[in-house]
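Colleague: Take a look and give me a structure for this.
(one chain, ligands or ions: 1)
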Amino acid sequence: MNGDIFDVAIIGYGPAGATLANLLGQYGLSVLVLERDAEIYPLPRAVHFDGEVMRVFETAGLRREVEAISRPGLKGMHFDNAAGETLLIRGGTSARGPHGCATNHYFHQPELEAVLRQGLARYPQVQVRTRHELTAIGQDAQCATLQVSDLQRQQAYAVQARYVVGCDGARSLVRKAIGSAMADLGLHQPWLVFDVRLKADVPGLPDHTVQHCDPARPMTFCNVTGNRRRWEIMLMPGDDPEELVRPETLWQLVSQWIKPEQADIERAVIYTFHSVMAETWRQGRLFLAGDAAHQTPPFLGQGMCAAIRDASNLAWKLDAVLRGRADDALLDSYCSERSPHVQAFIELAVKLGAIIQTTDPQAARQRDAKFKAGQPEIFEFPAPRLGPGLWRGDSAPVAQVFPQPMLADGRLLDAVLGLNFAVIGEEDVLHAVGGDTQERWQHHGAVVLAARDPEVQAWLRQHGVRAVLLRPDRYILGVAKTAVELDDISALLPAVAASTH
Ligand SMILES: Cc1cc2nc3c(=O)[nH]c(=O)nc-3n(C[C@H](O)[C@H](O)[C@H](O)COP(=O)(O)OP(=O)(O)OC[C@H]3O[C@@H](n4cnc5c(N)ncnc54)[C@H](O)[C@@H]3O)c2cc1C
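Modeller: Next comes the predicted model:
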């Protein structure tokens, strides 16, 4: 802490806030986390995250712990019609996908949040205050001032921070303080979420996720972890929400898969799935991340994933600015880079939602016929490019996330890169750069890695380049075919700021 001012205050201790606190903790920044609730939200919510997100947990030093509470999903997701015919498949993957781990992971959100919270025990300079609610917020040239209510002692107090990140969920107070409206991306649909715990194995329940595209009653089935299984069930016109959550109705709805005596109900609740995005993610010292900034229907299992990517994009930028290695303007790139990236996932989820949520039998028949005309189409997660920000290059792979190859010595790439920028390239190109470039690399602590490992060499060959410059969040800042081009993209590394804070 600088005087009595925290470097960063995080509002909300869900997955977005807890991940950001871990990343900022690693950078040694002083952090205050404020959370209204006493305990982790205990009921199931997210069940899936992707390989890029596991890689962020790895960067946070928690991969082993997260692996212990999750399982790799190697079998993908099937979109089946009412007759059980497969229309569309999201491919499964091997245990080591492009990010050095499986592409899909299944988990129980409260267990993941517990791992993230335990991770903070490593950082004495990160303070967590549960039962403390943000009630108002202001900012001036020096810092932001937070009005906080200590709900335990029933006392109000004020605290200050250089920057504030609102990870305070869908009803975000920080978003209201920023004055940001929510852009509507088109889908708002109530679904019943029904979680059970099996008493024993139930033969015939698939290991892969099933999107049951039955126009009479669209549903999703998911094998979560251990004995947890989930059905998400679309509400149909005329449904009585109170009637739907009665145990007799619930068991009837899933009777083609399971019988009441085979499992215990963990909970059943109706959520309205939204597709919305905040129009402004930053105002001065205030930022939004996670559900406070965007919400997506869960058809791709990507809501929390986007929250974790937000944390990964913002953490190193806050560190660079707070330490005077970059100007405050770098923080503007957080919103400009992240919002089109999130939007690409939300739009795909809405598109898939339209396939799943077809309730007109005639339209469903046409949909089925179209898909059945060919082999079941296979799609992967998109790898969108960041929006405008700290990168240069006309086309992919620039501004996409770099894969995590295994090095010849058996280590995964990120173990060598740590929290730093990195330059990876053929030795003659690395040695031929100018003095300015070398100084910039040094100033930013960039890891310089000669491309001697076969998987790294193969990536360079595949993209027809001889060097690549990576940011600390593993996104590609630029690629180069020559030392001059490498000088050129290295000039984008943030210039030294005139003053800190
Ligand atoms: C049924 C369902 C299924 C889902 N499936 C998936 C999935 O498979 N994969 C996926 O990636 N995502 C999924 N999601 C989405 C995922 O659960 C959310 O995106 C994720 O929880 C968002 O995390 P967050 O930290 O942004 O917000 P939250 O988890 O909502 O945390 C916000 C926190 O802020 C606190 N807070 C709010 N206001 C204040 C205040 N004024 N002062 C102090 N504290 C405050 C709240 O108490 C809360 O703890 C699913 C969601 C649902 C509902």
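Colleague: CA only for contacts and neighbour counts going forward, please
Modeller: Fine.
Colleague: Please identify the residues of the stretch 151-300 of the chain in proximity to the ligand?
Modeller: The stretch 151-300 of the chain comes close to the ligand at residues 167-169, 172-173, 193, 290-292, 298, as judged by Cα under 6 Å from any ligand atom.
Colleague: Can you select the buried ones from those in ChimeraX?
Modeller: To isolate the buried members of these in ChimeraX, using 16 or more other Cα atoms under 10 Å:
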select :167,168,169,172,173,193,290,291,292,298
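Colleague: quick one: which of the residues of the stretch 151-300 of the chain next to the ligand sit in strands?
Modeller: Judged by DSSP state E, strands contain the following of these: Val193.
Colleague: List of residues touching stretch 156-164?
Modeller: Stretch 156-164 is contacted from outside by 4-11, 142-150, 285-287, 501, using Cα atoms under 8 Å, 6 or more residues apart in numbering.
Colleague: Now list the buried members of the residues you listed.
Modeller: Among the contacts of stretch 156-164, those scoring as buried are 5-11, 143-150, 285-287, 501 (criterion: 16+ other Cα under 10 Å).
Colleague: Strands - which of those land there?
Modeller: Of the buried ones among the contacts of stretch 156-164, the ones assigned to strands by DSSP E are 5-11, 144-150, 286-287.
Colleague: and which of those residues is nearest to the ligand?
Modeller: Using Cα to the nearest ligand atom, Ile11 comes nearest to the ligand of those, at 5.3 Å.
Colleague: And that closest one, what's its pLDDT?
Modeller: pLDDT recorded at Ile11 is 99.
Colleague: residues touching Phe79, list them.
Modeller: Taking Cα under 8 Å, 6+ apart, we find Phe79 in contact with 86-89, 210-213, 356.
Colleague: Confidence-wise, which of the residues of the stretch 151-300 of the chain next to the ligand comes last?
Modeller: Pro298 (86).
Colleague: Tell me who's in contact with that one.
Modeller: Here Pro298 is in contact with 273, 349 (Cα under 8 Å, 6+ apart).
Colleague: mind showing which ranges of the protein have poor pLDDT?
Modeller: Residue ranges of the chain with pLDDT under 70: 1-3, 375-379, 495-501.
Colleague: And the strands in the stretch 101-250 of the chain?
Modeller: 104-107, 126-130, 132-139, 144-150, 155-166, 182-198, 209-213, 219-223, 228-234 (DSSP state E, counting those that start in this stretch).
Colleague: Next, format the ones you listed as JSON lines and append distance to Gln302.
Modeller: Formatted as JSON lines, these follow (distance: least, Cα to Cα, whole Å):
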{"stretch": "strand 104-107", "distance to Gln302": "11"}
{"stretch": "strand 126-130", "distance to Gln302": "27"}
{"stretch": "strand 132-139", "distance to Gln302": "27"}
{"stretch": "strand 144-150", "distance to Gln302": "31"}
{"stretch": "strand 155-166", "distance to Gln302": "19"}
{"stretch": "strand 182-198", "distance to Gln302": "15"}
{"stretch": "strand 209-213", "distance to Gln302": "15"}
{"stretch": "strand 219-223", "distance to Gln302": "15"}
{"stretch": "strand 228-234", "distance to Gln302": "15"}
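Colleague: To Thr93, which of the ones you listed lies closest?
Modeller: Closest of the strands of the stretch 101-250 of the chain to Thr93 is strand 104-107, at 7.7 Å (criterion: Cα to Cα).
Colleague: Tell me the helices and strands packed up against that closest one.
Modeller: Judged by 3 or more Cα pairs under 8 Å, 6 or more residues apart in numbering; DSSP states H and E, strand 104-107 is in contact with strand 48-50, strand 70-72.
Colleague: What parts of this structure come near the ligand?
Modeller: Neighbours of the ligand within the chain, by Cα under 6 Å from any ligand atom: 11-17, 34-37, 45-49, 132-135, 167-169, 172-173, 193, 290-292, 298, 301-305, 307.
Colleague: Among those, which are located in helices?
Modeller: For these, the ones inside helices are 15-17, 173, 303-305, 307, with DSSP state H as the criterion.
Colleague: Just among the residues you listed, which is most surrounded?
Modeller: Ala16 (32 neighbours; other Cα atoms under 10 Å).
Colleague: May I have stretch 17-31 exported as PDB, CA atoms only?
Modeller: The C-alpha atoms that make up stretch 17-31 are tabulated as PDB, following Å, rounded to 0.1, in the frame of the first residue of the first chain:
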ATOM      1  CA  GLY A  17     -12.700 -10.800  -8.500                       C
ATOM      2  CA  ALA A  18     -10.900 -13.900  -7.000                       C
ATOM      3  CA  THR A  19      -8.900 -14.500 -10.200                       C
ATOM      4  CA  LEU A  20      -7.900 -10.900 -10.600                       C
ATOM      5  CA  ALA A  21      -6.800 -10.800  -6.900                       C
ATOM      6  CA  ASN A  22      -4.600 -13.800  -7.500                       C
ATOM      7  CA  LEU A  23      -3.000 -12.300 -10.600                       C
ATOM      8  CA  LEU A  24      -2.400  -8.900  -8.900                       C
ATOM      9  CA  GLY A  25      -1.100 -10.700  -5.800                       C
ATOM     10  CA  GLN A  26       1.500 -12.300  -8.000                       C
ATOM     11  CA  TYR A  27       2.600  -8.900  -9.200                       C
ATOM     12  CA  GLY A  28       3.100  -7.800  -5.600                       C
ATOM     13  CA  LEU A  29       0.400  -5.100  -5.700                       C
ATOM     14  CA  SER A  30      -1.500  -4.100  -2.600                       C
ATOM     15  CA  VAL A  31      -5.100  -5.200  -3.100                       C
END
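Colleague: what comes up buried for it?
Modeller: For stretch 17-31, by 16+ other Cα under 10 Å, it's 17-27, 29-31.
Colleague: What of stretch 329-343?
Modeller: 330-343.
Colleague: Between these, which sits nearest the ligand?
Modeller: Minimum distance to the ligand across these is 11.8 Å, recorded for Val342 (Cα to the nearest ligand atom).
Colleague: burial of the spatially closest residue to that closest one that is not a sequence neighbour, as a residue count?
Modeller: Nearest in space to Val342, with sequence neighbours left out and distances taken as Cα to Cα, 6 or more residues apart in numbering, is Ala306 at 6.4 Å. For Ala306, the count of nearby residues is 28 (other Cα under 10 Å).
Colleague: same question, Phe273
Modeller: Phe273 sits with 16 neighbouring residues when counted by other Cα under 10 Å.
Colleague: now swap in Leu74 and tell me
Modeller: Using other Cα under 10 Å, Leu74 is surrounded by 17 other residues.
Colleague: And it, how close does it get to the ligand?
Modeller: 15 Å (Cα to the nearest ligand atom, to the nearest Å).
Colleague: quick one: contacts for that residue?
Modeller: Neighbour list for Leu74: 92-95, 102-104 [criterion: Cα under 8 Å, 6+ apart].
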